[in-house]
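Q: structure, please.
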Amino acid sequence: MEVLCVLSWRVAPLLLLLPCASKSLNLRVLNEGPVHVIPGSNLLLRARIESTPGDKLSMVTWEREAETGSTPNRLVLATCQGSGPSPCTGTRPNVLANVNVGEEESTLQISGYVPEDGGDYIVTVTHQNGNQTSARCIVREYEAVHHVSVSINMSHSLLVCGEAWGTDPHFSWLYNRVAVTQTVGQVSQDGTTLRITQSPICGRFTCMVQNQLGYATATYTAAECETEEEHSGAIAAVVCVLLLLVCGALLGLLFWWRYRRSGHARERLREHVDEQLH
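A: Below is the predicted model:
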């Protein structure tokens, strides 16, 4: 009897939970947040409603509140009554909502998105028994690339590219207006860093940052690189100078030899004249 009593006390709470479990509901927004929207385009949010057969929906509500703030004020965007493909009422002409219980999905579309439409979007499902389940998604404006800069670490031969606050920036490098090759340097996996392998470091290194709204660039200019013609000309000039020095030395040696020879001849002639006089 004691064993049966203990078992009854353990099973009773589980039996009480069964009705609640049968009416459990899973609600989630399918968009991976934060969602970035280009001004003027359409925002489309999708929510998955996974309910049990015995759990009937009374209402689906889409709301928006500020992403930051101590006391955010919620704005109702659309409400959908009943179950099945139900009519929804939007609070603005450019707001369109829909609920399809058969497909277990609710959607919210805002056409002509403006920056003021950004914020924390909340979808709330109200059960027939009055319980509510909510899910959220952050929506922000898709911003262009701003303030690209390039800095150099000479000790490590590194160029680092930075960008202020553009959405989804993609980095690439140009060397003298063409794509960087392995002979010039190695670009990091995220594209923000260029390790220069050529020596000496010379020419123009340009970082290009772009997204769906355009691109911006920044350039680091090193010393001018010598071209092959300039290098060949420098070698030719050095060779000419060396040849001139050699020729000058030979001519000087020749003049010196002729001067010494003429000097010896004059001394011998003077000695011969002196002998005849004596």
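Q: only C-alpha atoms for contact and neighbour calcs from this point on.
A: Fine.
Q: count of neighbours near residue 107?
A: By other Cα atoms under 10 Å, the residues close to residue 107 number 18.
Q: measure the residue nearest to it when sequence neighbours are not counted to residue 99 for me?
A: Leaving out its chain neighbours, the residue that sits closest to residue 107 by Cα to Cα, 6 or more residues apart in numbering is residue 46, at 4.5 Å. Distance of residue 46 to residue 99, computed by Cα to Cα, to the nearest Å: 10 Å.
Q: which residues do the two both contact?
A: Residues touching both residue 46 and residue 99 (Cα atoms under 8 Å, 6 or more residues apart in numbering): 105-107.
Q: so what's residue 160 bridging to?
A: With DSSP bridges applied, residue 160 shows beta-bridge pairing to residue 151, residue 193.
Q: so who does it touch?
A: Residues in contact with residue 160 (Cα under 8 Å, 6+ apart) are 150-153, 192-194.
Q: re the thing from before, how about the helix or strand hosting the residue nearest to residue 107: buried residues?
A: Assigned by DSSP states H and E, residue 46 belongs to strand 43-51. Applying a neighbour-count criterion of 16 or more other Cα atoms under 10 Å, one finds 43, 45-51 buried in strand 43-51.
Q: just the helices in the stretch 101-250 of the chain please.
A: Assigned helices in the stretch 101-250 of the chain, in chain order: 228-277 (criterion: DSSP state H, counting those that start in this stretch).
Q: want to throw the buried residues of strand 43-51 into JSON lines with pLDDT and distance to residue 111?
A: Shown next, in JSON lines, are the buried residues of strand 43-51 (pLDDT from 0 to 100; distance: Cα to Cα, whole Å):
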{"residue": "43", "pLDDT": "97", "distance to residue 111": "6"}
{"residue": "45", "pLDDT": "96", "distance to residue 111": "12"}
{"residue": "46", "pLDDT": "95", "distance to residue 111": "15"}
{"residue": "47", "pLDDT": "95", "distance to residue 111": "18"}
{"residue": "48", "pLDDT": "93", "distance to residue 111": "21"}
{"residue": "49", "pLDDT": "89", "distance to residue 111": "24"}
{"residue": "50", "pLDDT": "85", "distance to residue 111": "27"}
{"residue": "51", "pLDDT": "76", "distance to residue 111": "29"}
